[in-house]
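Asks: Prediction below, plus the sequence it came from.
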Amino acid sequence: MIDYERDTINTMRAGQDRHAALATFGTRWAMREAHGHLSDTQRRAVEQILSSRDQVTALEGVAGGVRLPPSRRSEKPLSERTTSSRV
């Protein structure tokens, strides 16, 4: 397992700043405008991924931190909001 981690680190280091960004500035700006529902943190994550010139990009943080509009928020815990069907 440690060998896999070493290989990943070596691949990451070898690919730093060696590739074109995934999207141009204009495309990134258009995506930002089209997806105004994203939080600032989510927008920064998208910008980081699309502008990176690295072969490997890692992000750290809470997954799915989406802010819902007030009409879609629930005060109930998730366990009380989900339903399951039994057969």
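Replies: Looks like it arrived, so ask away.

Asks: who touches Ser52 in this structure?
Replies: 21-22 (C-beta atoms under 8 Å, 6 or more residues apart in numbering). Just so you know, the C-beta spots here come from the backbone N, C-alpha and C atoms, and that holds for glycine as well.

Asks: switch to 7 Å and redo it
Replies: Residues in contact with Ser52 (C-beta atoms under 7 Å, 6 or more residues apart in numbering) are Ala21.

Asks: and the gap between it and Ala20?
Replies: 10 Å (C-beta to C-beta, to the nearest Å).

Asks: Also Ile9?
Replies: Counting by C-beta to C-beta, the gap from Ile9 to Ala20 is 23 Å.

Asks: between these two, which one's more packed in?
Replies: The neighbour comparison of Ile9 against Ala20 (other C-beta atoms under 10 Å) goes to Ile9, with 11 against 7.

Asks: Can you classify the more buried one by secondary structure?
Replies: The three-state label given to Ile9 by DSSP: H, G, I helix; E, B strand; the rest coil is helix.

Asks: how far away is it from Ile2?
Replies: Distance from Ile9 to Ile2, by C-beta to C-beta: 10 Å.

Asks: Same check on Arg43?
Replies: According to C-beta to C-beta, Arg43 and Ile2 sit 36 Å apart.

Asks: Quick check on these two: which one has the bigger neighbour count.
Replies: Using other C-beta under 10 Å, the more surrounded residue of Arg43 and Ile2 is Arg43, with 15 against 6.

Asks: check contacts around the more buried one.
Replies: When contacts are counted by C-beta under 7 Å, 6+ apart, Arg43 touches Arg32.
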